[in-house]
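**Student:** got a sequence here, can you build the structure:
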Amino acid sequence: MQHSRSGGPGRFGGWLEEAGLRLDVVRAHEGAPLPARLHHAAMVVLGGGYLPGDDDRAPWLAPTRDLVRQALTEEVPLFGICLGGQMLAEVAGGEVTGDVGAPENGSVPVTIRPEAADDELFRELPPVVPAIEHHVDAITELPPGAVWLAETERCPYQALRVGERAWGVQFHPEVLPPRIREWEVTGFDPDEVYAQAVADEPISTPIWREVATRFAKLAT
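**Tutor:** Presented below is the predicted three-dimensional model:
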């Protein structure tokens, strides 16, 4: 599920294809119809400049939430990125708040929590992993029973798992540093933010590729 022109699956989609999956990208922001039901092996909900319930601004969000709900009920592997992660949290009974706390932009050190030790996707990752961030909205309460997998100083709920087959992340594992140049960033030095992302990319890329590959295996 794609929610904006520039918010495509990026390298995450490429990694899924490398692992043997075929992508069916629904460009909902362009008016592409959503499937009435999920008949796919897995689902990825990408990011966008909306809150999960911004139906007035993005009317396709309501049927997207229905598909997320179906994925949770039927244990279809689900991966939500930024808006997608927030949507997972909200559909599962958590809380998302707009324009809350301190914004995050660029490459940020994400701390993997002890709860991730036996997680299918996050197990055995380094204790701290760089990840690209770009958000002002955030998950402010986890859903009941969710597993809290990763955190940052500015935004605690960076990664979560709901049930055994649904994950949400606040960061953007699909994004490479050049994308940062396209974002409007207030309160940050854009050159500094870009340079840090370039420096961190060789560290972060193999880690997030491994996470994507593990997710693909659940679908195959």
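**Student:** which strands and helices sit next to the lengthiest helix in the chain?
**Tutor:** Longest helix of the chain, by residue count under DSSP state H: helix 190-219. In terms of contacts (3 or more CB pairs under 8 Å, 6 or more residues apart in numbering; DSSP states H and E), helix 190-219 is packed against helix 10-18, strand 104-112, strand 128-135. Yep, even glycine has a C-beta here, placed from its N, CA and C like the rest.
**Student:** give the buried residues for that helix.
**Tutor:** By neighbour count on 16 or more other CB atoms under 10 Å, the buried set for helix 190-219 is 193-194, 196-197, 200, 204, 207-209, 211-212, 215-216, 218-219.
**Student:** residue boundaries of the strands in this structure?
**Tutor:** 43-45, 78-81, 95-97, 104-112, 128-135, 138-141, 147-151, 159-162, 166-169 (DSSP state E).
**Student:** what's in contact with the fifth one?
**Tutor:** What it means is strand 128-135. If you take CB atoms under 8 Å, 6 or more residues apart in numbering as the criterion, strand 128-135 is touched by 47, 82, 103-112, 150, 152, 155, 158, 169-173, 175, 177, 179-180, 183, 185, 197, 200, 203-204, 207-208.
**Student:** what residues of it count as buried?
**Tutor:** Neighbour count says strand 128-135 has 129-135 buried, by 16+ other CB under 10 Å.
**Student:** the longest one too?
**Tutor:** Residues of strand 104-112 classed as buried by neighbour count (16+ other CB under 10 Å): 104-108, 110, 112.
**Student:** now the angle from that strand to helix 190-219?
**Tutor:** Computed by axes from the mean of the first three to the mean of the last three CA atoms, to 10 degrees, the angle separating strand 104-112 from helix 190-219 equals 50 degrees.
**Student:** partner strands of strand 104-112, parallel or antiparallel?
**Tutor:** Using DSSP bridges, strand 104-112 pairs in its sheet with strand 128-135 (antiparallel), strand 147-151 (antiparallel).
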